[in-house]
Every structure is written in structure tokens, then in C-alpha cells.
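A.B. asks: the following comprises the amino acid sequence and a computationally predicted model.
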Amino acid sequence: MFLLSGAFLMRPDNALAQQAEFDAFQKEASFKSVLYRGRAAQQYSGILFNGNYYWLTTEFLPGSVTFNGKHYTDVLLNIDAVTHDLLVKNNPGAPAVVVARDLVTDLQIGEDRFVNLELAGQQDALPGFYCIASEQPLIYLRVDKRLNTSTENTNGPTIGYYDPNYRSDVLNYFGREERYYVLKDGRLKRIGRRKALKLMK
């Protein structure tokens, strides 16, 4: 009887602990939910193409983002390199949502750190995100992708990256373009890839 009473007395504590965990989860989900309120990501459907339209990889990677002055961690992020939209998922199987770019000051995806130079006061910067390729000296990398068409094999150097699923019977492809920049006299100055890599050494 004593053991039963003891077990019974422990149940409210367990229930309280579970409720506290649930409340903490809800609070965290509510805190991050503002990131998932944007419009659906652009769908490049209806056509066949080689390559992909993402900056990094087709996989959404864990990262962090400063959105509307608040910092959010442990979120799945990617960048559409065609529209330069930041994309977010609340789980790997969820559809991608666009995060309002004019409220994103900086972010990190995996090991790569990005800044929105427009919001940093660089009026001559193209809309979108710039990866910090080097801090000493400070060099920014911007990646853009465009849908192109060619009858030639474009996999590798022509497309700008290697597509392991490349199909020679598909003429459309997302070509990658890299641009490197340094700050000179408070303004962005574009430099060539060779010079950028030399400076980064």
C-alpha cells in the first residue's frame, strides 16, 4: 500500500515535468514560427533541367539567421541562387518557405556565413546575400544561377559545377556565376576570381 501511494505521489511530478518540456517546446516553436510565415518558395517545375538552382547544395542544412532583429538558431536553411531568396524548412520533409529578405541582416548555413550588404548600408550592392569568403582581408563572394540552354555538354566547367545526375538529352541547365568583391573607400569593388584567391592565401 505504501509503495502504491509512493508511486501515485510521483505521478504528478512526472506529469509536471512532461508538461514543462511540452511548454518549452511550444515556446521555442512559437518563437521560430515567424520564419515560416512567408510565401511558398519558387517552383521550377514544368521543364527539365540539369544542375540545381541552390547556392550550396540541394540539401537544406542546419544554420542560424538574424531576422527582424532577432537571432534564430537550429533552423534548416538554403538559398535560391536565382532569386536570391533565403529559404527555410521547419523539418526536412516540409515545403520550403521564403524568408523576407529585407528583414534578414545575416545568416549562417553550415560553416558558411552570409550578409545582406544592402541592409549593411552598401547601396551599390545587388539585392541578395554575399558569403564572407575571407575576413583578413574582407572578401565577399556572390553566387548567381541562371537558366540557360545549350546543345553542348555543359556539365563541369561550363555549368560551373558538377551534376552527378546530368542528362545529355536535357538542354536546359542552371549555370553558376561567381563574383568576388572587396570594400574600397567604403564601396564594393568587384575583383577577379584569380585575384580573390591570391588575396585569400
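C.D. replies: Looks like it came in fine. Bear in mind that the values here come from a model prediction, so they are computed numbers and not experimental data. Numbers count the residues shown, from 1 in each chain.
A.B. asks: what lies in contact with stretch 33-44?
C.D. replies: Outside stretch 33-44, the residues that touch it by C-beta atoms under 8 Å, 6 or more residues apart in numbering are 53, 65, 67-68, 72, 75, 80, 82-83, 85, 87-88, 90, 95-100, 147. For glycine as for every other residue, the C-beta is placed from the backbone atoms N, C-alpha and C.
A.B. asks: where does the prediction get shaky in this protein?
C.D. replies: Low-confidence segments of the chain, defined by pLDDT under 70: 1-32.
A.B. asks: where do the strands sit along it?
C.D. replies: Using DSSP state E, the strands of the chain run over 61-67, 70-80, 85-89, 97-99, 104-109, 112-115, 130-135, 138-149, 172-184, 187-191.
A.B. asks: how far does the shortest one sit from the chain's center?
C.D. replies: So the one you mean is strand 97-99. Distance of strand 97-99 from the chain centroid (C-alpha atoms, centre = their mean, to the nearest Å) equals 10 Å.
A.B. asks: residues in contact with it?
C.D. replies: 35-42, 65, 67, 85-89.
A.B. asks: among the residues you listed, who's most crowded?
C.D. replies: Leu86 (30 neighbours; other C-beta atoms under 10 Å).
A.B. asks: skip the chain neighbours and tell me the closest residue to it.
C.D. replies: Val99 (4.4 Å; C-beta to C-beta, 6 or more residues apart in numbering).
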